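Undergrad: Predicted model follows, preceded by the sequence.
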Amino acid sequence: VQLQASGGGLVQAGESLQLSCTASGSFFRANHMAWYLLSPGKQRELVAQISRFGTPTYPDSVKGRFTISRDNAKNTVYLQMQSLKPEDTAIYYCHAGISLTRADPQSIAYWGQGTQVTVSS
């Protein structure tokens with residue numbers, strides 16, 4: 001199973017950016033999917049999470065600015081980021097809990113390779 005993230009880049013403050021992450025390989029189902037960020041000097045932080053049924057969760061720092069969504073048919077999770085701020089600059093990682101087989105529903109954690117988001121002031 002691989003998670004391939006894309007969509008990062010350099011934008012100016014106030015602009016928008018959309019990240020995508022697709023799970024590929026042999027597996028039964030992607031359960032929760034999420035985005036985390038890692039910035040210098042800080043620990044990895046949860047940006048947004050979405051359940052298999054589409055229920056999103058956000059920390060207060062991004063509520064109202066970021067929207068997570070998913071397309072289960074494509075095993076893809078999206079992160080729409082609006083009103084970006086310089087402090088949003090980080091490497092963004094996608095994460096998914098994957099059930100490998102129908103017979104064994106336990107969720108195994110997988111991480112994507114990270115995509116750089118840089119917001120200039």
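TA: Arrived safely, thanks for sending. These figures come from a predicted structure and were not determined experimentally.
Undergrad: Give the helix, strand or coil label for the residue lying closest to G7 once chain neighbours are set aside.
TA: For G7, ignoring the flanking residues on the chain, the nearest one in space by C-beta to C-beta, 6 or more residues apart in numbering is L19 at 4.1 Å. (Each C-beta comes from the backbone N, C-alpha and C, glycine too.) Per DSSP: H, G, I helix; E, B strand; the rest coil, the local secondary structure of L19 is strand.
Undergrad: Counting neighbours, what do you get for L19?
TA: For L19, the tally of surrounding residues (other C-beta atoms under 10 Å) stands at 24.
Undergrad: residues contacting it?
TA: When contacts are counted by C-beta atoms under 8 Å, 6 or more residues apart in numbering, L19 is found next to 5-8, 35, 78-79, 81, 92, 94, 115, 117.
Undergrad: Mind giving me the ChimeraX select for those, buried ones only?
TA: The command below creates a ChimeraX selection of those among these that count as buried (16 or more other C-beta atoms under 10 Å):
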select :5,7,8,35,78,79,81,92,94,115,117
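Undergrad: Out of the contacts of L19, list just those in helices.
TA: Of the positions in these, not one sits in helices, assigned by DSSP state H.
Undergrad: got a markdown table for the contacts of L19, with distance to A48 too?
TA: Supplementary listing: the contacts of L19 in a markdown table, determined by distance: C-beta to C-beta, whole Å:
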| residue | distance to A48 |
| --- | --- |
| A5 | 14 |
| S6 | 17 |
| G7 | 14 |
| G8 | 15 |
| W35 | 5 |
| Y78 | 10 |
| L79 | 6 |
| M81 | 9 |
| Y92 | 10 |
| C94 | 10 |
| T115 | 14 |
| V117 | 13 |
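Undergrad: Of the contacts of L19, just say which sits nearest to T57.
TA: Out of those, the one with the shortest distance to T57 is W35. That distance is 11.0 Å, counting by C-beta to C-beta.
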